[in-house]
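Novice: Provide a 3D model corresponding to the input given below.
(one chain, ligands or ions: 2)
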Amino acid sequence: MANVKCNPDLVRERAKCSFDVNELIHLIDGGENATKEKRHFEETIFSVKELQDAVPEEYLSHKDRYENAVRKATILRDVCREYMKKYNYKPNRFRVGHGVFKDVSPFLLHDGMFVATIIGQGTPEQQAEWLPKAENMQIIGTYAQTELGHGSFIRGLETRATYDPKTEEFILNNATLSSFKWWPGGLGSTVNHCIVVAQLFINGKSYGIQPFIVQIRDLNTHKPLPGVKVGEIGPKMGFQTANNGFLGFENFRIPRMNMLMKNAQVLKDGTFVKGMNEKLTYGTMVMVRVGIVGDCSLNTSLAATIAVRYSAVRHQSKIKAKEPEVQILDYVTQQHKLFIAIASSHVFRNVYSWLSKSYLNVMKDLAQGKQDHLPELHATACCLKAVCSRDAGSVVEECRLACGGHGYMTSSNLPLVYGFTIATVTYEGEQTVLLLQTARYLVKAWLAALQGKVLAPSVSYLSDWLKNDNVRWQNTPEGIVKGFQHVAAGKVKAAYDTIQKYIKLGKDYEDAWNLASVQLMKASEAHSRSILCEVSWGEVIRTSASPNLLQVLKQLAQLYLVYWTLETSGDFLVYSNISKDDIAILREKYEELLAAIRPNAVGLVDAFDLRDEILHSTLGSYDGRVYERLMEEALKSPLNQESVNASFHKYLKPLMEKAKL
Ligand SMILES: CCCCCCCC/C=C\CCCCC/C=C/C(=O)SCCNC(=O)CCNC(=O)[C@H](O)C(C)(C)COP(=O)(O)OP(=O)(O)OC[C@H]1O[C@@H](n2cnc3c(N)ncnc32)[C@H](O)[C@@H]1OP(=O)(O)O
Ligand SMILES: Cc1cc2nc3c(=O)[nH]c(=O)nc-3n(C[C@H](O)[C@H](O)[C@H](O)COP(=O)(O)OP(=O)(O)OC[C@H]3O[C@@H](n4cnc5c(N)ncnc54)[C@H](O)[C@@H]3O)c2cc1C
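Specialist: Ligands and ions are numbered 1, 2, ... in the order given. Below you'll find the model as predicted:
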């Protein structure tokens with residue numbers, strides 16, 4: 001990239017960077033070697049001509065766009081397979097996926113949930129049967145859980161799997177419209193198999209929801225099998241190429257062994273054998289929620305790179321009347337909009353790495369029959385997924401707005417990035433629903449703290465606060481982290497007290513919960529923010545890096561802490577010992593941090609190391625040829641391929657002629 005002829009502003013920005021950009025790239029990637037491998041892999045993918053679109057895909061019809069995405073998905077699969085064989089390298093498909101598809105691969109659910117569910121929910125025998133076929137794409141699958149009528153409340157799913165001991169089969173049925181599966185990615189026209197989550201019935205008795213592996217299309221003709229009704233759900237806000245679909249069954253029979261039975265089993269005679277914990281059936285969702293925190297880091301870095309580079313290139317208006325128009329990045333309000341995006345990406349990455357380790361530890365425990373840490377993992381993954389996805393959506397939109405009119409252009413790629421980022425707020429557990437899951441855990445933890453019990457590490461601050469809620473405020477990163485914990489503890493207590501108040505007024509627990517649920521949701525958000533602050537600050541101070549880089553990483557981490565303290569200063573005034581003077585000091589600190597980060601802004605986004613092919617942006621490319629690219633892309637419009645469009649003769653001319661009469 002260094003030899004590309006760049007916009008002079010970007011050249012100047014890069015020259016003033018105070019740290020070694022390559023050092024940060026290596027740190028993010030996990031070492032110099034990892035960067036080399038990543039770059040070699042990406043170079044390979046993006047040099048495949050067939051993966052490059054001649055026409056921007058927004059000009060294609062819905063159908064052509066889908067077919068093009070499938071074409072590229074199959075080529076990408078082949079290239080990756082060869083590459084993995086040759087180099088024994090497991091690539092991050094999500095990064096290159098953004099480059100190849102711009103939007104979402106029709107195989108996303110195959111990789112992200114179908115294979116993962118076979119691993120997580122299948123017995124060793126079932127894995128041996130299905131996994132090789134799924135991994136080498138002999139079968140293509142998705143995860144079909146959500147229905148027209150139910151998504152959040154999965155105990156309410158209506159698809160039925162009724163066991164027939166005579167034939168040792170399950171009979172799948174969707175008797176109502178609301179029971180039709182609705183949303184699964186790839187289901188529309190791509191997959192031939194599904195994990196179907198259905199209510200198990202044996203001898204008229206319900207045994208809750210269970211996962212079944214179901215073939216829905218003929219492997220040769222791709223026609224839906226008799227008894228299967230399947231199709232695509234149509235255009236959406238984003239995810240246009242994900243091929244989301246609907247599905248219903250009518251007396252569709254599958255063998256008994258197609259119920260994934262790692263957790264619970266149905267024996268030949270119809271005996272149901274309960275698993276260690278019925279919530280383990282929800283395991284794939286926990287895994288994906290963890291992954292989404294990492295995805296939030298990637299999505300935020302895409303938007304930050306585009307908006308920061310553009311803001312360095314774009315000159316508009318003046319700060320001082322007699323001086324030239326400034327780079328818009330010099331406006332402190334612009335820095336306020338953008339630097340939190342850079343900081344958030346680092347915070348999400350660090351927290352993702354921490355959460356993934358917890359996830360793997362709990363999986364190891366579960367394999368040994370220990371489930372003590374599962375509730376804590378579930379509670380933590382729920383609130384972090386909810387808050388990170390919401391933050392990422394807001395950050396991406398702020399970056400888009402920060403690019404003014406050009407941010408509204410599809411060719412900036414910011415609308416698309418927003419489309420797939422904001423979807424993460426809803427899928428894999430709607431944000432409020434997940435925050436309320438965490439609130440259940442927090443309320444229990446609060447009760448346990450009141451009883452003097454020892455709490456799990458992520459909530460032990462509740463006990464500390466109970467012992468001493470009068471800790472002096474300190475304007476240090478550690479003091480701010482404590483402050484976030486005080487806010488969270490104060491909110492948990494307030495929500496708990498509100499539930500108790502309603503119960504005393506004669507409400508039952510469920511109604512009291514619903515009445516207090518705004519507070520519960522906010523408590524859960526505050527808990528999540530305190531984890532984000534504590535973990536990310538902790539990770540940064542433990543980072544081994546050169547003094548220059550460490551200084552910049554600390555500035556970013558502090559920016560995150562101070563930004564969110566100021567954003568939620570009302571809460572701090574209510575629940576911590578912060579004073580108005582402390583807030584004024586933090587405001588000053590915030591301005592200092594923006595100024596300190598300013599010279600490194602372009603270096604920091606360069607360190608995300610996102611190739612132009614991944615960014616897909618007229619505004620964000622490495623060379624900063626913004627206006628040239630905007631014009632080049634505009635000229636690709638089909639309307640610019642003709643000097644006069646047929647509509648002139650058909651409609652406009654007759655209209656003008658009528659007006660003459
Ligand atoms: C570096 C880059 C990395 C990139 C990685 C990218 C990652 C992305 C990977 C793949 C992309 C895939 C794309 C996905 C597209 C979208 C897919 C989908 O959306 S699939 C459908 C997802 N659906 C949901 O998430 C539904 C949400 N609803 C629920 O989960 C549940 O209904 C519920 C809200 C949890 C409620 O369940 P239920 O009613 O049964 O429970 P409760 O009565 O409320 O609670 C009972 C107790 O059970 C505990 N519980 C609940 N869930 C779990 C769990 N999963 N694990 C453990 N424990 C659980 C709950 O806490 C209650 O406990 P108590 O309070 O009673 O003790
Ligand atoms: C892009 C995209 C891709 C998807 N891909 C898949 C897929 O591959 N497979 C799949 O199975 N599903 C998929 N889904 C479905 C997704 O998982 C659900 O849409 C999601 O879980 C939310 O459920 P819902 O639509 O039922 O929302 P609802 O639950 O109906 O939410 C509507 C409102 O009701 C509120 N609400 C609901 N319950 C409660 C409660 N208990 N307390 C308080 N408020 C509540 C919510 O907070 C929200 O404000 C996808 C969705 C999207 C958008």
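Novice: Asn243 and Gly188 touch, don't they?
Specialist: Yes: in this structure Asn243 lies within contact range of Gly188 using C-beta atoms under 8 Å: 4.2 Å. Every C-beta, even on glycine, is put in place using the N, C-alpha and C of the backbone.
Novice: nearest residue to the closest residue to ligand 2 within the stretch 401-550 of the chain other than its sequence neighbours?
Specialist: Closest approach of the stretch 401-550 of the chain to ligand 2 (C-beta to the nearest ligand atom) occurs at Thr432, with a separation of 3.4 Å. Sequence neighbours aside, Met521 is the residue nearest to Thr432 in space, at 5.9 Å (criterion: C-beta to C-beta, 6 or more residues apart in numbering).
Novice: which helix or which strand is home to that neighbour?
Specialist: Secondary-structure element containing Met521, defined by DSSP states H and E: helix 517-542.
Novice: how about that helix and ligand 1, touching?
Specialist: No: in terms of C-beta under 6 Å from any ligand atom, no part of helix 517-542 sits within range of ligand 1; the closest distance is 12.1 Å.
Novice: ditto for stretch 385-401
Specialist: No: counting by C-beta under 6 Å from any ligand atom, ligand 1 has no neighbours in stretch 385-401; the shortest distance is 9.1 Å.
Novice: same question for that stretch: list its buried residues.
Specialist: By neighbour count on 16 or more other C-beta atoms under 10 Å, the buried set for stretch 385-401 is 385-400.
Novice: what is the nearest of these to Val417?
Specialist: The nearest member of the buried residues of stretch 385-401 to Val417, counting by C-beta to C-beta, is Val396 at 5.5 Å.
Novice: what residues does the closest one make contact with?
Specialist: When the contact criterion is C-beta atoms under 8 Å, 6 or more residues apart in numbering, the partners of Val396 are 299-300, 302-303, 341, 414, 417-418, 421-422.
Novice: and the residues you listed, which two are furthest apart?
Specialist: So, the contacts of Val396 by C-beta to C-beta: farthest apart are Ala341 and Ile422, at 14.8 Å.
Novice: right, and the helix or strand after the helix or strand that contains Arg400?
Specialist: Element membership for Arg400, per DSSP H and E: helix 374-401. Beyond helix 374-401 on the C-terminal side, the first helix or strand identified by DSSP H and E is helix 414-426.
Novice: packing partners of that following helix?
Specialist: helix 283-313, helix 374-401 (3 or more C-beta pairs under 8 Å, 6 or more residues apart in numbering; DSSP states H and E).
Novice: please identify the most buried of those.
Specialist: The highest average neighbour count among the helices and strands packed on helix 414-426, using mean count of other C-beta atoms under 10 Å, belongs to helix 283-313 at a mean of 26.
Novice: that helix vs ligand 1: in contact?
Specialist: Yes: looking at helix 283-313 against ligand 1 by C-beta under 6 Å from any ligand atom, the contacts come from 285-286, 288, 291-292, 294-295, 298.
Novice: mean confidence score for that helix?
Specialist: Confidence for helix 283-313, expressed as mean pLDDT, is 98.
Novice: one more: stretch 102-113?
Specialist: Along stretch 102-113, the predicted local confidence has a mean pLDDT of 96.
Novice: who's in contact with that stretch?
Specialist: 57, 66, 69-70, 73, 76-77, 93, 97, 134, 137, 140-143, 184-187, 190-191, 195, 238-243, 284, 288, 291, 413, 416, 419-420, 616.
Novice: mind checking which of these land in helices?
Specialist: 66, 69-70, 73, 76-77, 93, 97, 134, 284, 288, 291, 416, 419-420 (DSSP state H).
Novice: who in this structure is up against ligand 1?
Specialist: That would be 94, 108, 112-113, 143, 145-146, 152-155, 185, 279, 282, 285-286, 288, 291-292, 294-295, 298, 374-375, 378, 427-429, 433, 437, 440, which are the residues of the chain within reach of ligand 1 (C-beta under 6 Å from any ligand atom).
Novice: please repeat the previous calculation with a cut-off of 5 Å.
Specialist: The chain comes close to ligand 1 at residues 94, 112, 145, 152, 154-155, 279, 282, 285-286, 288, 291, 294-295, 378, 427-429, 433, 440, as judged by C-beta under 5 Å from any ligand atom.
Novice: which residue lies nearest the spatial centre of this structure?
Specialist: The central residue of the chain, meaning the one whose C-alpha is nearest the mean C-alpha position (C-alpha atoms, centre = their mean), is Ile292 at 3.5 Å.
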